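Novice: sequence? don't have it. structure:
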Ligand code: SF4
């Protein structure tokens with residue numbers, strides 16, 4: 001059977017890949033050719049076709065974090081980026097439904113910033129070791145222990161934790177927010193939680209005394225100085241780029257440290273011949289498809305929570321309108337105020 005536009009043909013392994021599915025998804029495959037192979041496409045196209053049709057029927061947009069797999073990131077998303085960029089972008093789109101391909105705190109952030117929209121997460125079990133490391137009660141205890149010191153909270157936290165905070169921050173603007181909050185409170189100290197490595201990396205760059213909390217990202221905490229040095233030895237021309245959730249000795253050894261957006265901007269502007277992203281693995285795959293002139297050395301770890309989101313779950317989510325994210329209105333209002341405090345600074 002001939003399929004249109006040079007599409008791969010059906011295989012016995014992918015019986016749902018019909019000529020009609022191939023025709024309807026031809027434009028997606030064309031755009032994703034750097035990310036998805038001809039061999040993979042027949043196994044993905046039926047789910048992608050179903051998602052595209054359900055999106056139109058539901059008037060839905062799909063937000064995909066930089067750590068999502070290639071099929072989600074390149075084939076079904078409307079907006080890609082880090083969690084805050086996704087949520088902010090979603091406030092500007094005309095849609096009734098937002099489906100978040102990311103982890104639970106990201107879906108909560110999308111709901112906080114888009115209270116009138118229906119926000120869905122395809123798998124409510126997609127959590128985050130960092131977000132789960134701290135509770136609202138922990139923040140209240142820290143405030144009682146350190147009165148008069150502003151609390152700056154990383155966006156990788158629950159709505160309840162954000163609600164207890166004076167300002168949020170991202171890994172890209174943490175230093176700026178900490179310095180602005182400490183200046184406005186008239187004290188040379190700030191509480192920066194919950195990621196102890198992000199806090200230590202910021203502390204190395206600022207005059208503000210940082211009080212932190214022992215939270216960690218289970219993906220970034222696994223990178224070691226020894227690993228980075230071995231990569232450097234094996235790939236001497238590669239630009240080594242580390243996420244600030246990595247241990248400080250890893251960040252110091254890197255050529256550049258930045259948020260996921262900062263990493264993408266580095267590749268876009270510096271155009272290194274070879275690069276190593278010390279972060280979640282899917283980020284390298286997604287950037288490799290966008291910047292084929294850079295060779296990405298894969299020295300990375302997968303986030304098991306991000307990997308819980310699959311095409312099949314996205315399709316089910318749109319079909320059943322599950323799993324809807326809801327937040328207590330008072331918590332949402334207070335969490336929104338801490339996000340707004342950040343936005344007023346940056
Ligand atoms: S990569 Fe780390 S911070 Fe991001 S979702 Fe996974 S566990 Fe959480």
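Specialist: Ah, there it is. Please read all numbers here as calculations on a predicted model, not as lab measurements.

Novice: residues contacting the closest residue in space to residue 301 that isn't next to it in sequence?
Specialist: Once flanking residues are discounted, residue 301 sits nearest to residue 219: 5.0 Å by C-beta to C-beta, 6 or more residues apart in numbering. In short, each C-beta sits where N, CA and C put it, glycine included. Going by C-beta atoms under 8 Å, 6 or more residues apart in numbering, residue 219 touches 245, 279-280, 301-303.

Novice: next one: residue 85
Specialist: residue 261.

Novice: and it, what element?
Specialist: helix 83-90 (DSSP states H and E).

Novice: what about the residue lying closest to residue 60 once chain neighbours are set aside, how many residues nearby?
Specialist: Spatially, and ignoring its direct neighbours in sequence, residue 60 is nearest to residue 97 (3.8 Å; C-beta to C-beta, 6+ apart). Residues within reach of residue 97, counting by other C-beta atoms under 10 Å, total 19.

Novice: quick check: residue 97 touching residue 57?
Specialist: No - at 10.1 Å, residue 97 does not count as touching residue 57 under the criterion of C-beta atoms under 8 Å.

Novice: residues from the chain in reach of the ligand?
Specialist: 67, 103, 128-130, 156, 217-219, 280, 303, 305-306 (C-beta under 6 Å from any ligand atom).

Novice: switch to 5 Å and redo it
Specialist: Contacts of the chain with the ligand, taken as C-beta under 5 Å from any ligand atom, map to 103, 128-130, 217, 219, 280, 303, 305.

Novice: going by distance to residue 27, which of those wins?
Specialist: Among the residues of the chain next to the ligand, residue 280 lies closest to residue 27 (C-beta to C-beta), at 28.4 Å.

Novice: for the residue lying closest to that closest one once chain neighbours are set aside, what are its contacts?
Specialist: Using C-beta to C-beta, 6+ apart and skipping residues adjacent in sequence, the residue nearest residue 280 is residue 67, 4.3 Å away. By C-beta under 8 Å, 6+ apart, the residues touching residue 67 are 102, 260, 280, 282-283, 303, 306.

Novice: returning to what we had before: quick check: the farthest pair among the contacts of residue 219?
Specialist: Between all members of these, the farthest pair (by C-beta to C-beta) comes out as 245 and 302, at 14.9 Å.

Novice: out of those two, name the residue with the larger neighbour count.
Specialist: For residue 245 and residue 302, the more surrounded residue by other C-beta under 10 Å is residue 245, and the numbers stand at 29 against 13.

Novice: ok so that one is a strand residue?
Specialist: No - secondary structure of residue 245 (DSSP: H, G, I helix; E, B strand; the rest coil): coil, not part of a strand.

Novice: surely it touches residue 220?
Specialist: Yes - Residue 245 is within contact range of residue 220, at 3.8 Å (criterion: C-beta under 8 Å).

Novice: contacts only, for the closest residue to residue 78 other than its chain neighbours.
Specialist: Leaving out its chain neighbours, the residue that sits closest to residue 78 by C-beta to C-beta, 6+ apart is residue 61, at 4.4 Å. By C-beta under 8 Å, 6+ apart, residue 61 lies in contact with 55, 78-79, 90, 93, 95, 97-99.

Novice: try it again with 7 Å
Specialist: Applying C-beta atoms under 7 Å, 6 or more residues apart in numbering, we find residue 61 in contact with 78-79, 90, 93, 95, 98.
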